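K.L.:
Can you look at this prediction? I've put the sequence above it.
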Amino acid sequence: MRGLYKKPRFQAESGLGSDFDPQLRVRVTQPVACRLFLIWGALMAFLVLPSYAGFQVQKLQQIPSEPGQQVVTTKADSKGDLIVTAYVSPPGLYTPGSFALIKKIDTSGNELFSRILPGVISLALPIAIDNNDDIYVAGTTSTPSEFPFTSTLSTTGDGGFVMKLRGQDGTIVYSTSWGYLVPDSVAVDSAGQLLVSTSILSATLPTTPGAYASPVSEGMNAPMYLVRFSAAGDRIMLAARFGGKTASCYGGSSCVGFVQYTGGGQIVLDSQGNIWVAGSTDTTDLPLTSNALKKTCGCSNFAGADGFLAEFSGDGSRLLYATYFGTSPGDVFGTTGNDTVTAAAADSAGHIWMVGTTNGADLPVTANAPQKQLAGGTDGFMAEYDPATNELLYVTYFGGTGDDSITNIEIQPDGTVNISGQSNSSTLPGTVTGLSRGTDFVSSIDPHSYAITAVTRFPSGSVGSGLASTPTGFVVSGTSNVAALVQPSSANTPSIYAVVNSGGTAVTGQVAPGELISLYGANLASLLPVVADLSSGQAPTKLGVVEVLFDGTPAPLLYTQGDQVNAIVPFTVNLSATHIVVSNGRVQSNEAALGVEIAAPEAFKTNTKLWAAALNEDGTVNSAANHAKLGSIVSVFGTGFGSLYPPPKDGQILTGTLPTLAALVQVLYQGLPLEVTYAGPAPTLVAGVTQVNFRLPAFTGTSTPAFQFLRDGWPSGDFIVLVDE
């Protein structure tokens, strides 16, 4: 193993042919073992420029999870405790149905309560928190008979609900059934009345007397409804309707079934109690006020939607302001000019900030914009609107040459504007500091100078589901079960931004004993790569001056560089939770407080296309030029499969008699289990690398079928084995 980066010679000593070992089902020679480490090292190793932390991650906080859990929304209350909604979809065809959860987690990571929402299948679970830190959530359940309803306002529809929970202990204050509800956004006013925006494919939903109600057409019409519930959740105080009747559609038959849609991306309440809604529409006759800044919808069935901003009186009886916002299609059959407003917020001056995504070239950028032109296929955008002057004070694109989007915005008490989103571009406006690679990003804007004061990257899954102020900074979360507590900082101290299974592609909030992990962040190690020497048969616990401590115990290390450290979770890790820090000489990083599960399996990948590090039945490497045969046995290598018996020494290279995995490993294809002939430690590799041999299905219909590992109920992400169709 000395030549870890030396190109090895492949030798198929016996592979999976007639001479295979009946116990291991494969023999892996030393060159093959090195090849697998080479693949993994090539995935993880990149040189980076010196980093300067514009943001400091104070702590990575696990969101307690179970198999198949995906975070939907994260908010923070006045104490900084996290309120989370999560969607749970257990893997496989023979597992119970989907449901949702509402969780509250304190600043020490303790779960204060967790409430199950049965039958919830929608990924729309918006949260609002009132001045008493009580919690409001809206959604839809497919099993209303099982839902803990306390009152019913409508029996028509598919089980829409609004719910209020006491913030202290999660007690249900009310849980009201309102059958038409599929929520886009929620807000709670000073009287504790919940406002919900929803788009419904229905022209007959009743509005309340005196409420604003734009005309609708029969057929495929989905206007936005703005619904206010009483403080007790037992009455509809307001049901107003806003939308157009006509969509711009060209192309004859392609317009059949085309929906006239208006959706409220975000409700914002101003200091006068008026209701602002920022969203998107594909209708050309949206009701506008005479002072609208944009009076024509830049939309079509090809170009998609335009943004809009609308203001209603506090009682919902009057439309006070309405305008389109966005770009124009290149031509009537063009696909450019699609604008989506994803989030909005109000600052202390009453200005409305909107963010979203566009692929249009004529956004009404202002002179102070840091990016005045569309740079990629899609870019994010930001806009600040002043109601007092009816002016756009700030409009800018935000993106690079790839596809980029902004999904969240929040405004801190000092007026700083924070945004988060996803980026497939190598560069973004502003100077990227801290971690400089990853598909997610967070950025800050000075509201006075409009300068982009900080930009940092995060690995995939870190960003998108939550962005909210806390007493010491802000919290950011993605679909993965971890939240990052962040504060602005110029310190050059070590900072862990994310922990990733070395075979995975997204951040994780939990690890398994023996799992190979990659820690990403700023200033974690020296800039130049350092690779562990494994020739002694043992991985070291220190590379240069770098150590990774699990509850104070040093872990085996495999690789370090400025923004990345690869380590192995000790097999003796605390099975309830662990606290991870990186020690870089005499300086320690922030803490990653993560859960520990029995398993967190992932396959090693050879590229971003999710191709697995795998051997075909004849012992050759599975690749684009060397597919496996359908019905044959392949060997896929991964990590995160949990404890081994008898327990090996941490960081040990396994030779001779191998230990066994503690529980069953399954491989799923389209939810169904395949035949597994061997699942256990990979011979001649470091303890924690697992080899799974399984028989491919006889038919897939594609040369790139996707599979999943399942270990004690915990699923892996998808991995692809290349096959002959």
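P.N.:
Cool, the structure landed. Numbers count the residues shown, from 1 in each chain.
K.L.:
ranges for the helices of this protein?
P.N.:
For the chain, the helices defined by DSSP state H cover 30-44.
K.L.:
How about stretch 236-250, which residues are buried there?
P.N.:
Buried residues in stretch 236-250, counted by 16 or more other CB atoms under 10 Å: 236-245, 247-249. For glycine as for every other residue, the C-beta is placed from the backbone atoms N, C-alpha and C.
K.L.:
correction: stretch 709-725
P.N.:
Applying 16+ other CB under 10 Å to stretch 709-725 flags 709-723 as buried.
K.L.:
Between those residues, which sits nearest S313?
P.N.:
Closest approach to S313 among the buried residues of stretch 709-725 (CB to CB): G717, at 48.1 Å.
K.L.:
circling back: with distance to T493 and pLDDT as extra columns, can I get the buried residues of stretch 236-250 in CSV?
P.N.:
Converted to CSV, the buried residues of stretch 236-250 look like this (distance: CB to CB, whole Å; pLDDT from 0 to 100):
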residue, distance to T493, pLDDT
I236, 53, 94
M237, 51, 95
L238, 51, 96
A239, 53, 93
A240, 51, 95
R241, 54, 93
F242, 50, 95
G243, 52, 92
G244, 53, 89
K245, 58, 85
A247, 54, 76
S248, 54, 73
C249, 56, 70
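K.L.:
so which of the residues you listed comes closest to G326?
P.N.:
Nearest to G326 among the buried residues of stretch 236-250 is S248, at 13.0 Å by CB to CB.
K.L.:
quick one on the thing from earlier: got the buried residues of stretch 236-250 as a markdown table, with distance to Y645 columns?
P.N.:
Shown next, in a markdown table, are these (distance: CB to CB, whole Å):
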| residue | distance to Y645 |
| --- | --- |
| I236 | 60 |
| M237 | 62 |
| L238 | 62 |
| A239 | 61 |
| A240 | 63 |
| R241 | 63 |
| F242 | 63 |
| G243 | 62 |
| G244 | 65 |
| K245 | 68 |
| A247 | 63 |
| S248 | 65 |
| C249 | 64 |
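K.L.:
Helix or strand with the lowest mean pLDDT in this protein?
P.N.:
The helix or strand of the chain with the poorest confidence is helix 30-44; it has a mean of 43 (mean pLDDT, DSSP states H and E).
K.L.:
Residues touching stretch 160-168, excluding its own?
P.N.:
By CB atoms under 8 Å, 6 or more residues apart in numbering, the list of residues contacting stretch 160-168 from outside reads 77, 83, 102, 104, 115, 117, 129, 132-141, 144, 147, 149, 154, 171-183, 186, 194, 196, 198, 229, 233.
K.L.:
For that stretch, buried residues please.
P.N.:
Those would be 160-165, 167, for stretch 160-168 by 16+ other CB under 10 Å.
K.L.:
can you give me how far it is from the chain middle?
P.N.:
24 Å (CA atoms, centre = their mean, to the nearest Å).
K.L.:
before we move on, what about stretch 554-566?
P.N.:
Relative to the chain's own centre, stretch 554-566 is displaced by 25 Å; criterion: CA atoms, centre = their mean.
K.L.:
quick one: low-confidence ranges for the stretch 301-450 of the chain?
P.N.:
303, 331-334 (pLDDT under 70).
K.L.:
follow-up on the earlier one: pick out whichever of the buried residues of stretch 709-725 sits closest to A383.
P.N.:
Of all the buried residues of stretch 709-725, G717 has the smallest distance to A383: 35.5 Å, by CB to CB.
K.L.:
And that closest one, how close does it get to T433?
P.N.:
The gap separating G717 from T433 is 29 Å, by CB to CB, to the nearest Å.
K.L.:
can you check V582 too?
P.N.:
V582 is 18 Å from T433, where distance means CB to CB.
K.L.:
More neighbours: the two, which one.
P.N.:
V582 (25 against 19; other CB atoms under 10 Å).
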